[in-house]
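Asker: Mind folding the following:
(one chain, ligands or ions: 1)
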Amino acid sequence: MSQRKIVIEPDPILRKKSKTLETVDDELRKLLDDMLETMYAAPGIGLAAVQVGVLKRLIVIDISKDKEKKNPLFLINPEIISRSKKTSIYEEGCLSLPGHYAEIERPAECQIKFVDYNGKEKELKADGLLSTCIQHEVDHLNGVLFIDYLSKLKRSMIIKKLSKQKTNTAIL
Ligand code: NI
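Answerer: Below you'll find the predicted structure:
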């Protein structure tokens, strides 16, 4: 396994739509392993392939709080098949928007179908933090970031700040 570089907003790749996978092979599993290692090192609880510059519909998630008992979830071609009317609000952050957080309202529960690490089709019903995390990551696969749910003004302020951070890093 090796760590990959995380893409930071406003990199245009974050706005692109990721492509559906046709097969699950060792090369793909290697990418998933790298994504997981990158996510743990960041640290974060979810990461989409586009965030390491790969436009494939792949997500890794681990919301377990206990660092000793890792519980990774690999989602290949995830598709949300139902969402609850009931909503919940979580303060969200994103590895591609370092230092920025906002309260986002989303459907409290969702059901997904996906292909797992071994290439098997599965379904999963999620609530709580896992539901929010899945929806946040599936948004990434469609070029959507959590700041898109904020007002235009708030969004542009965050992007401006991130652009400046990038410039400062280049000077150093
Ligand atoms: Ni994110």
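Asker: Distance from the strand ranked longest in the chain to the middle of the chain?
Answerer: If you go by DSSP state E, the chain has its longest strand at strand 73-83. Centroid displacement of strand 73-83 relative to its chain, using C-alpha atoms, centre = their mean, to the nearest Å, is 12 Å.
Asker: now swap in stretch 61-78 and tell me
Answerer: Distance, stretch centre to chain centre, for stretch 61-78: 12 Å (C-alpha atoms, centre = their mean).
Asker: neighbouring contacts of that stretch?
Answerer: Outside stretch 61-78, the residues within contact range by C-beta atoms under 8 Å, 6 or more residues apart in numbering are 20-21, 24, 28, 32, 36, 39-40, 45-47, 57-60, 112-117, 119, 129-130, 133-134, 137-138, 141. Heads up, the C-betas are built off the backbone N, CA and C, glycines and all.
Asker: what stretches of the protein score poorly on pLDDT?
Answerer: The model of the chain has pLDDT under 70 over residues 67, 166-172.
Asker: What are the boundaries of the helices in it?
Answerer: Using DSSP state H, the helices found in the chain span residues 26-41, 128-141, 152-171.
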